[in-house]
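Trainee: fold the following and give me the result.
(one chain, ligands or ions: 1)
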Amino acid sequence: MDTSALFKLSYGLYVTGVKTEKGLGGCIVDAVGQVAAGDNPLVTLACMKKNYTNECIKKTGEYTLSVLPANVDPFVIGNFGFQSGRNVEKWVNVPHTIKDGLPFLNNACAYLRFRVVNSLEFATHTMFISEVTDAENGGAGSGENPAKPLIYGDYQATMRAAVSEAFQKFKESGKPPQDRDADAAAGTKWFCPLCGYVYDGDIPFEQLPDTWKCPRCGVGKEAFTAV
Ligand code: FE
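Mentor: A predicted model of the protein is given here:
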């Protein structure tokens, strides 16, 4: 049996959000399906029993799903998939919003909130059957060019290496990508390409007035180059 054939079933990749004993938790999930539509939609989520998220959903009866967009930062998948919420706080590493006590990703296609109405236990998974208590299109799923949801098969075919690489960079630096970008921006030096003067004033270079000139050769601010 070639279980990769299952990747051809079209479903997405999602991040759950739950309340934990200490704060917030969540993990990457793919086995999500809508099993009833209309006025009272129902959604199933099969969550591994060994995952801390499973425990938290059982305790609280509530969780959110953030629908990942096709252009998701691979780090998001590594952050929620490659470490356990028993040991680390995952949500601090990603831009997120907390609504009525539960977190969701800012740059998701959509945000959904659930209340568990029933569950089934299997050997390795619990299947939670839930009603939808809140739903919104997220930052990536609204506007003029909404991002398409990430398809699980596409993740398997094209993204796995990027996810591993992004998570490795996080482990090495101890910082998520947006913090590394901020560090890089803070460390940027501006120099005058004409005379080589390097700006080292207290005011950030970006905040200097447009009329500011190179104190050594008098060339305009716009000529300066970042390194
Ligand atoms: Fe100059």
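
Trainee: separation between residue 107 and the ion?
Mentor: Per CB to the ion, to the nearest Å, residue 107 is found 40 Å from the ion. Glycine gets a C-beta too; all of them are placed from N, C-alpha and C.

Trainee: what sits up against the lowest-mean-pLDDT helix or strand in the chain?
Mentor: The helix or strand of the chain with the poorest confidence is helix 177-186; it has a mean of 83 (mean pLDDT, DSSP states H and E). Here helix 177-186 makes contact (CB atoms under 8 Å, 6 or more residues apart in numbering) with 73, 75, 95, 166, 169, 170, 173, 175.

Trainee: are any of those buried, and if so which?
Mentor: By neighbour count, with 16 or more other CB atoms under 10 Å, those hold 73, 75, 166, 169, 170 as buried.

Trainee: from those, which is closest to the ion?
Mentor: Set against the ion, the nearest of those by CB to the ion is residue 169 (36.0 Å).

Trainee: can you tell me the helix or strand for that closest one?
Mentor: helix 160-173 (DSSP states H and E).

Trainee: residue 170: what's it in contact with?
Mentor: Contacts of residue 170 (CB under 8 Å, 6+ apart): 75, 78, 79, 93, 176, 177.

Trainee: enumerate every residue touching the second one.
Mentor: Contacts for residue 78 were tallied using CB under 8 Å, 6+ apart; they are 163, 164, 166, 167, 170.

Trainee: make CSV out of the residues you listed and add distance to residue 147.
Mentor: As requested, the contacts of residue 78 are exported to CSV (distance: CB to CB, whole Å):
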residue, distance to residue 147
163, 17
164, 23
166, 18
167, 22
170, 23
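
Trainee: those residues: which ones sit near the ion?
Mentor: Filtering the contacts of residue 78 for proximity to the ion by CB under 5 Å from the ion leaves nothing.

Trainee: check the secondary structure at the spatially most central residue of the chain for me.
Mentor: Central residue of the chain (CA atoms, centre = their mean): residue 76, 3.9 Å from the mean position. Following DSSP: H, G, I helix; E, B strand; the rest coil, residue 76 is assigned to helix.

Trainee: is it true that it touches residue 94?
Mentor: Yes: between residue 76 and residue 94 a contact is recorded at 5.7 Å, counting by CB atoms under 8 Å.

Trainee: tell me, what's touching those two both at once?
Mentor: Residues touching both residue 76 and residue 94 (CB under 8 Å, 6+ apart): residue 105.

Trainee: identify the residues contacting stretch 79-88?
Mentor: For stretch 79-88, contacts defined as CB under 8 Å, 6+ apart pick out 15, 20, 25-28, 51-53, 56, 90, 93-94, 163, 167, 170, 176.

Trainee: mind doing that once more with 10 Å?
Mentor: Residues outside stretch 79-88 that contact it (CB atoms under 10 Å, 6 or more residues apart in numbering): 13-18, 20, 22-29, 50-53, 55-56, 66, 68, 73, 90-94, 105, 163-164, 166-168, 170-171, 176-177.

Trainee: filter these down to just the buried residues.
Mentor: If we count by 16+ other CB under 10 Å, those have these buried: 13-18, 20, 24-29, 51-53, 55-56, 66, 68, 73, 90-91, 93-94, 105, 163, 166-167, 170, 176-177.
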